[in-house]
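S.K.: Please work out how this folds:
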Amino acid sequence: MPTISRFYGIVIFMNYNDHQPPHFHARYQDQEIIVEIESGTVEGRMSKRALRMVLEWLDLHQSALMEDWERARQRQPLNPIQPLQ
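M.R.: Alright, predicted model coming up:
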């Protein structure tokens, strides 16, 4: 599970050769969600504050996330993505 970003205790990662649709995983404490990159659809539960930050980060980095998704599908090293500031 390569980590691509960390901010405010939230860890964002993608799995190599993962299932469609394009998505990433986010973990905060003992909470984990899966977020579809194109739609922002969330599966799982996370505190409202942390979820807002993850979705804001998604809005800022959607194209970079799609690039990393393609790299992960090809089992290439993923590029780190700037954290939310």
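S.K.: quick one: the strands in this protein?
M.R.: Using DSSP state E, the strands of the chain run over residues 3-7, 10-13, 23-28, 31-36, 42-44.
S.K.: and stretch 48-63, which residues are buried?
M.R.: Residues 50-51, 53-54, 57-58, 61 are the ones in stretch 48-63 that count as buried (16 or more other CB atoms under 10 Å). Every residue, glycine included, has its C-beta placed from N, CA and C.
S.K.: Now distance to I4 and pLDDT too, for these, in TSV please.
M.R.: Output for the buried residues of stretch 48-63, formatted as TSV (distance: CB to CB, whole Å; pLDDT from 0 to 100):
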residue	distance to I4	pLDDT
A50	17	98
L51	18	98
M53	15	98
V54	12	98
W57	11	98
L58	12	98
H61	9	98
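S.K.: Tabulate the residues you listed (a markdown table), appending distance to Q29.
M.R.: Output for these, formatted as a markdown table (distance: CB to CB, whole Å):
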| residue | distance to Q29 |
| --- | --- |
| A50 | 8 |
| L51 | 13 |
| M53 | 13 |
| V54 | 13 |
| W57 | 17 |
| L58 | 19 |
| H61 | 22 |
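S.K.: now, which of those lie within helices?
M.R.: Those of the buried residues of stretch 48-63 mapping onto helices are 50-51, 53-54, 57-58, 61, per DSSP state H.
S.K.: Among these, which one sits closest to Q20?
M.R.: The shortest gap between Q20 and any of those belongs to L58, at 17.5 Å (CB to CB).
S.K.: Do I have it right that that closest one meets I37?
M.R.: Yes: with contact defined as CB atoms under 8 Å, L58 counts as touching I37 (7.1 Å).
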